[in-house]
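>>> starting from these lines, generate the structure:
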Amino acid sequence: MRKLREVLRLKYERKLSGREIARALGIGKGTVSRYLYRAQAAKLTTWPLPPELDEDAALTALLFPDEGKAVVG
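You can find the predicted model right below:
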């Protein structure tokens, strides 16, 4: 499971740095950076998130729209 929601909470509510978030969640700094980049691109820069993103699936779909789609080649 992604720790996406917790990354956003720690960044925007607790004001932690990317390094502090990575350490707290046991994930890489690069992962934290990618999540925050995607959130910023989607204009999600505050906490709490909007009510329509209460479901993890909705948040994931917004930030990772191509995930789970079959690659046709």
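>>> and the longest helix for the protein?
helix 29-41 (DSSP state H).
>>> now residue 6: which helix or strand?
Here residue 6 sits within helix 4-12, counting by DSSP states H and E.
>>> circling back to that earlier point, can you point out the buried residues in the longest helix of the chain?
31, 32, 35, 36, 39 (16 or more other CB atoms under 10 Å). Quick note: C-beta positions are derived from backbone N, CA and C, even for glycine.
>>> circling back: what's next to the helix or strand following the helix holding residue 6, contact-wise?
Downstream of helix 4-12, the first helix or strand assigned by DSSP H and E is helix 18-25. Under the contact criterion CB atoms under 8 Å, 6 or more residues apart in numbering, helix 18-25 has outside partners 3, 6, 7, 10, 11, 16, 28, 29, 31, 32, 33, 36.
>>> could these go into a markdown table alongside distance to residue 60 and pLDDT?
Shown next, in a markdown table, are those (distance: CB to CB, whole Å; pLDDT from 0 to 100):
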| residue | distance to residue 60 | pLDDT |
| --- | --- | --- |
| 3 | 12 | 94 |
| 6 | 13 | 97 |
| 7 | 12 | 98 |
| 10 | 18 | 98 |
| 11 | 17 | 98 |
| 16 | 22 | 98 |
| 28 | 19 | 97 |
| 29 | 21 | 98 |
| 31 | 14 | 96 |
| 32 | 16 | 97 |
| 33 | 18 | 98 |
| 36 | 15 | 98 |
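>>> include distance to residue 46 when you put these into JSON lines, please.
Shown next, in JSON lines, are the contacts of helix 18-25 (distance: CB to CB, whole Å):
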{"residue": "3", "distance to residue 46": "19"}
{"residue": "6", "distance to residue 46": "16"}
{"residue": "7", "distance to residue 46": "14"}
{"residue": "10", "distance to residue 46": "13"}
{"residue": "11", "distance to residue 46": "10"}
{"residue": "16", "distance to residue 46": "15"}
{"residue": "28", "distance to residue 46": "25"}
{"residue": "29", "distance to residue 46": "22"}
{"residue": "31", "distance to residue 46": "21"}
{"residue": "32", "distance to residue 46": "18"}
{"residue": "33", "distance to residue 46": "19"}
{"residue": "36", "distance to residue 46": "13"}
